[in-house]
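In: I'd like to go over a predicted model; first the sequence, then the structure.
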Amino acid sequence: MSHNHSHSHTHDHPDLKGKKLLLSILLNIAITVAQVIGGLISGSLSLLSDALHNFSDVLSLIVSYIADLYSKKEASFERTFGYKRAEIIAAFINALSLIIVAIYLVYEAVQRFLDPQEIESSIVIWLALLGILANGFSVLLLRKEANNNMNMRSAYLHLLTDMSASVAVLIGGLLMKYYNWFWVDSVLTVLIAIYLVIMGYQLLKESFKVLMLFTPDHLNLSEISEKIQTVNTIKNVHHVHVWQLNEKEIHLEAHLEFTTDITISQFDKISEEIEELLYHSFQINHVTLQPELNKDDPKELIVQD
């Protein structure tokens, strides 16, 4: 059996990533405290909803920070993969929290719409500006890491949606100040909630697929099988599993039926050829192959274990 671990190149700077998360946590704690106080004084539900979202940001950033720390831990006899999936779990939790917060905001908005109250709009405007500036800075901090890390993307989405919510709150504050449209507070809260659901659902779906070991969306098992069978002496590819361990590692394991009785050294050479083929064609970087010759077992591409 061949088991190859190649092409796993990374260019991350984990210490810098952790420091950026920590700074974002401190900024969001400050925003949350200011918005809660301002929301209670002004009576603005949209400001309090923004504060609640900011508080969920704090929790999500803490989860992301802890996951980032754990993901650096080395493998052991008890944990052969280490904590490589910690960041995927964090992304799933953070995405789920976005949706839960959104549902709660809709409930509160409906209650307030049925019983509208006068709001001190000046406080809303100034605190919304504070939220835009602080969250905008955090968004810029995490933007680069969000491109290639699901955990960081979940933190980035929390911050991006909160910055957008602060923009909506600012617009609402101006409308309330100059037109006395206090009902807009509830409407904006619902719009913020809808935005949270849209952003959270996609990330929830992506992280769920990884946790359930589903085949990555961009891979087609039939195409992979056909590609492997182009290698000389391979008769059949079956019992295939492809899954994503984290965002850096895609694993494949398969049984290969050979046309002739080859030696171990020949198999090593063929497995290296297959590994290169799978990496350059499908970005699969961890390959486990089991050689067979006239073995009486199921030959289907997918076999229920």
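Out: Arrived safely, thanks for sending.

In: Only C-alpha atoms from now on, for both contacts and neighbour counts.
Out: Will do.

In: Low-confidence ranges, the stretch 201-305 of the chain, go.
Out: Under the criterion pLDDT under 70, the flagged ranges of the stretch 201-305 of the chain are 305.

In: What ranges does it have for its helices?
Out: In the stretch 201-305 of the chain, the helices defined using DSSP state H, counting those that start in this stretch lie at 221-228, 264-282.

In: A146 is nearest to which of these?
Out: Ranking the helices of the stretch 201-305 of the chain by proximity to A146 (CA to CA) places helix 264-282 first, at 22.3 Å.

In: So which other helices or strands are in contact with the closest one?
Out: Contact analysis of helix 264-282 by 3 or more CA pairs under 8 Å, 6 or more residues apart in numbering; DSSP states H and E lists strand 2-5, helix 221-228, strand 286-292 as its packing neighbours.

In: circling back: got CSV for the helices of the stretch 201-305 of the chain, with mean neighbour count too?
Out: As requested, these are exported to CSV (neighbours: other CA atoms under 10 Å):
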stretch, mean neighbour count
helix 221-228, 15
helix 264-282, 15
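
In: Now render the ones you listed as JSON lines, adding distance to A146.
Out: Shown next, in JSON lines, are these (distance: least, CA to CA, whole Å):
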{"stretch": "helix 221-228", "distance to A146": "28"}
{"stretch": "helix 264-282", "distance to A146": "22"}
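
In: For A155, find the nearest of those helices.
Out: helix 264-282 (28.2 Å).

In: and the angle for the closest one with helix 221-228?
Out: Angle, helix 264-282 to helix 221-228, by axes from the mean of the first three to the mean of the last three CA atoms, to 10 degrees: 130 degrees.

In: returning to that earlier point: minimum distance to G136: which of the helices of the stretch 201-305 of the chain has it?
Out: Among these, helix 264-282 comes nearest to G136, with 36.1 Å by CA to CA.

In: just the CA coordinates of the closest one, formatted as PDB?
Out: The C-alpha trace of helix 264-282 is given here as PDB (Å, rounded to 0.1, in the frame of the first residue of the first chain):
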ATOM      1  CA  ILE A 264       6.900  -3.500  -5.000                       C
ATOM      2  CA  SER A 265       9.500  -1.200  -6.600                       C
ATOM      3  CA  GLN A 266       7.300  -1.000  -9.800                       C
ATOM      4  CA  PHE A 267       4.300  -0.200  -7.700                       C
ATOM      5  CA  ASP A 268       6.200   2.600  -5.900                       C
ATOM      6  CA  LYS A 269       7.100   4.100  -9.300                       C
ATOM      7  CA  ILE A 270       3.500   3.900 -10.500                       C
ATOM      8  CA  SER A 271       2.100   5.400  -7.300                       C
ATOM      9  CA  GLU A 272       4.500   8.300  -7.600                       C
ATOM     10  CA  GLU A 273       3.300   8.900 -11.100                       C
ATOM     11  CA  ILE A 274      -0.300   8.800  -9.900                       C
ATOM     12  CA  GLU A 275       0.400  11.200  -7.100                       C
ATOM     13  CA  GLU A 276       1.900  13.700  -9.500                       C
ATOM     14  CA  LEU A 277      -1.000  13.200 -11.900                       C
ATOM     15  CA  LEU A 278      -3.600  13.800  -9.100                       C
ATOM     16  CA  TYR A 279      -1.900  16.800  -7.700                       C
ATOM     17  CA  HIS A 280      -1.400  18.700 -11.000                       C
ATOM     18  CA  SER A 281      -4.900  17.700 -12.400                       C
ATOM     19  CA  PHE A 282      -7.000  17.900  -9.200                       C
END
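
In: Model confidence score at the residue most central in space within the chain, please.
Out: When CA atoms, centre = their mean is applied to the chain, the residue found nearest the centroid is M150 (3.3 Å). At M150, the model reports a pLDDT of 79.

In: What's the separation between it and R85?
Out: 10 Å (CA to CA, to the nearest Å).

In: again, but for I270
Out: 31 Å.

In: all strands of the stretch 101-250 of the chain, in order?
Out: 234-244, 250-258 (DSSP state E, counting those that start in this stretch).

In: And the first one, what does it pack against?
Out: Meaning strand 234-244. Packed next to strand 234-244, using 3+ CA pairs under 8 Å, 6+ apart, are helix 221-228, strand 250-258.

In: Direction included, what does it pair up with?
Out: Strand 234-244 pairs in its sheet with strand 250-258 (antiparallel), by DSSP bridges.

In: in the strand it pairs with, what's buried?
Out: I250, H251, L252, E253, A254, H255, L256, E257, F258 (16 or more other CA atoms under 10 Å).
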